[in-house]
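Novice: one predicted model, sequence on top.
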Amino acid sequence: LVAARLSLTAANAAQWEPGTPGTAAIRALSIAYVLITEELGVKTAIQALTGGNGASALNAFRPENVAGVTGVPRDRIEHLARDFANSQPSLAMGGGSAAAHTNGSFTMDAIMTLNFLVGNIGKPGGIIFNPPSPITDELLSGASRSSFVDWGQLTQRLRKGEVDAMIVRGANPV
């Protein structure tokens, strides 16, 4: 686990790698640089990410260039990259303090890039976006699907106290 502070999650991780707060994106892109230079990533992902420029697209994030800023030594960044690529399936996740900084969106993009580079999108143990609905058409026979307008009308009925009970499955209505 790479995190700026020793949180409860970090304390329970097999390994905790501390770093300077607010530099998670730089660490992630430095790991990406190593994945690309050592050819540990998926070639088509590398091509797509760098526009065909390979590691030179990420020269600013060379481990030796960012070690001082991130607080993570060059050799640790290289080790993390190799371990991430060779421990399949591996998963890079961000959130919490990494996403809460002013560069949070950039950080989350950088972290997700690692999953893309090692081919962990859409497969078990990796990132799976929008899984298929467990509600099949057979289960909906006789029922109709709700539109955004329908939900708005239901919200109004809820506010007015016109609904005695409501069952919600697999979603947070808030």
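Specialist: All right, it came through fine.
Novice: which ones are touching Leu40?
Specialist: Going by CB atoms under 8 Å, 6 or more residues apart in numbering, Leu40 touches Val34, Ala81, Arg82, Ala85, Asn86, Val118. Yep, even glycine has a C-beta here, placed from its N, CA and C like the rest.
Novice: how does it look with 7 Å?
Specialist: Leu40 makes contacts with Ala81, Arg82, Ala85, as judged by CB atoms under 7 Å, 6 or more residues apart in numbering.
Novice: how about Ala13?
Specialist: Leu1.
Novice: for it, give me phi and psi.
Specialist: Dihedral pair for Ala13: phi -70, psi 150, per degrees, to the nearest 10.
Novice: picking up where we left off before, buried ones only from the contacts of Leu40, please, as a ChimeraX command.
Specialist: A single ChimeraX command selects the buried members of the contacts of Leu40 (16 or more other CB atoms under 10 Å):
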select :81,85
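Novice: just the contacts of Leu40: which are in strands?
Specialist: When DSSP state E is applied, the contacts of Leu40 are split such that none fall in strands.
Novice: could you dump the contacts of Leu40 to CSV with pLDDT?
Specialist: Below are the contacts of Leu40 laid out as CSV (pLDDT from 0 to 100):
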residue, pLDDT
Ala81, 95
Arg82, 95
Ala85, 94
